[in-house]
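S.K.: Quick check, what structure comes out for this input:
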Amino acid sequence: MVPNGKSPLTPLAQEALDALARRLPDEGELTYNHAYTILKEEEDLERPTAEDIIERLYNKGHLYEVEEKLRLTDH
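M.R.: Numbering: from 1, shown residues only. Presented below is the predicted three-dimensional model:
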C-alpha cells in the first residue's frame with residue numbers, strides 16, 4: 001500500500017506532474033489549455049499524450065477540477 005493512498009505514477013506521469021507544479025500560477029489553478037502548453041514546453045508532449053497524462057493524473061487523484069480549471073492535490 002502506498003503511504004498517501006495514491007497509486008504510484010509512471011516516470012512520465014511523475015515528470016508531468018512535477019512540471020505542472022513548477023509552473024502553477026499563484027492562484028493555484030490551470031486551464032486545461034495552459035496545462036497542455038506546459039506539458040508541451042517542459043516535457044515535449046503533444047496534445048493527445050498530454051490529454052492522456054492529465055486524465056491519468058486526474059483519475060489517480062493528483063489533480064482535480066473546479067469550474068473547468070485544474071488544481072493539484074498535495075504536491
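S.K.: Residue 22 contacts residue 42, correct?
M.R.: Yes. Assessed by C-beta atoms under 8 Å, residue 22 is found in contact with residue 42 at 7.5 Å. (Each C-beta comes from the backbone N, C-alpha and C, glycine too.)
S.K.: more neighbours, the two?
M.R.: residue 42 (15 against 10; other C-beta atoms under 10 Å).
S.K.: Setting the sequence-adjacent residues aside, check what's closest to the more buried one.
M.R.: residue 19 (3.7 Å; C-beta to C-beta, 6 or more residues apart in numbering).
S.K.: Work out for me the element that neighbour sits within.
M.R.: According to DSSP states H and E, residue 19 maps onto helix 11-22.
S.K.: how far out from the middle of the chain is that helix?
M.R.: Distance of helix 11-22 from the chain centroid (C-alpha atoms, centre = their mean, to the nearest Å) equals 6 Å.
S.K.: Can you read off the pLDDT for the residue nearest in space to the middle of the chain?
M.R.: Centroid-nearest residue in the chain: residue 17, 4.4 Å away (criterion: C-alpha atoms, centre = their mean). Looking at residue 17, its pLDDT is 97.
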